[in-house]
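S.K.: give the three-dimensional model of this entry:
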Amino acid sequence: MSDQTQPTFPGEKYINLESYRKNGQAVATPVWFAEGEGLIYVYSLADAYKVKRIRNNPKVRVAACDFRGGLKGSWLEARARIITGDEEGRADALLDQKYGLMRKIGGFFTKLRGQRRAFIVIEVV
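M.R.: Below you'll find the predicted structure:
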């Protein structure tokens, strides 16, 4: 379990989220993230493959990266799950706070296209 007082990735804008296909093959995806109370929050389109992979297998790894996915640190073992309700609202607020206008613009276009979002919470183990 991670230390709830210190962020896991201070000052970073992106993390690589590595999830696993049913055949065990790892797939890393650079994503925006926000941290709060020892948890890492990520969002994605609800029908994205990373969301499907996490539903099938909550085991993931995370590492700091640049916007193209180039690693900037070591991989950390973690567990992920799709969240809803109050947890989703918290994730949304933390991500808005961190990424501001850029995220709000992206969210506007997501809603305009009628796309659904999924929120993921990650706990480093």
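S.K.: give me the next element, helix or strand, following the helix or strand of the chain with the lowest mean pLDDT.
M.R.: Least confident helix or strand of the chain, by mean pLDDT, DSSP states H and E, is helix 85-112 with a mean of 86. Next in sequence after helix 85-112, counting helices and strands by DSSP states H and E, comes strand 117-124.
S.K.: buried stuff in that next one?
M.R.: The neighbour-count check on strand 117-124 (16 or more other CB atoms under 10 Å) flags 117, 118, 119, 120, 121, 122, 123, 124 as buried. For every residue, glycine as well, the C-beta is placed using N, CA and C.
S.K.: make a markdown table from those residues and add distance to residue 19 to it.
M.R.: A markdown table is the format used below for those (distance: CB to CB, whole Å):
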| residue | distance to residue 19 |
| --- | --- |
| 117 | 17 |
| 118 | 13 |
| 119 | 15 |
| 120 | 9 |
| 121 | 14 |
| 122 | 10 |
| 123 | 14 |
| 124 | 15 |
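S.K.: show me what the residue nearest the centre of the chain bridges to in the sheet.
M.R.: Centroid-nearest residue in the chain: residue 42, 2.5 Å away (criterion: CA atoms, centre = their mean). For residue 42, the beta-bridge partners are residue 120 (DSSP bridges).
S.K.: how about residue 28?
M.R.: As assigned using DSSP bridges, the partners bridged with residue 28 are residue 18.
S.K.: just give me the neighbour total for it.
M.R.: By other CB atoms under 10 Å, 19 other residues sit near residue 28.
S.K.: hang on, it packs against residue 20?
M.R.: No. Residue 28 lies out of contact with residue 20 (CB atoms under 8 Å); the separation is 10.5 Å.
S.K.: how about the least confident helix or strand of the chain: buried residues?
M.R.: 88, 90, 91, 92, 94, 95, 98, 99, 103, 107.
S.K.: got the angle between that helix and strand 117-124?
M.R.: Going by axes from the mean of the first three to the mean of the last three CA atoms, to 10 degrees, helix 85-112 is angled at 140 degrees with respect to strand 117-124.
S.K.: chain center to helix 85-112, what's the gap?
M.R.: Remark: helix 85-112 is offset 12 Å from the chain centroid, using CA atoms, centre = their mean, to the nearest Å.
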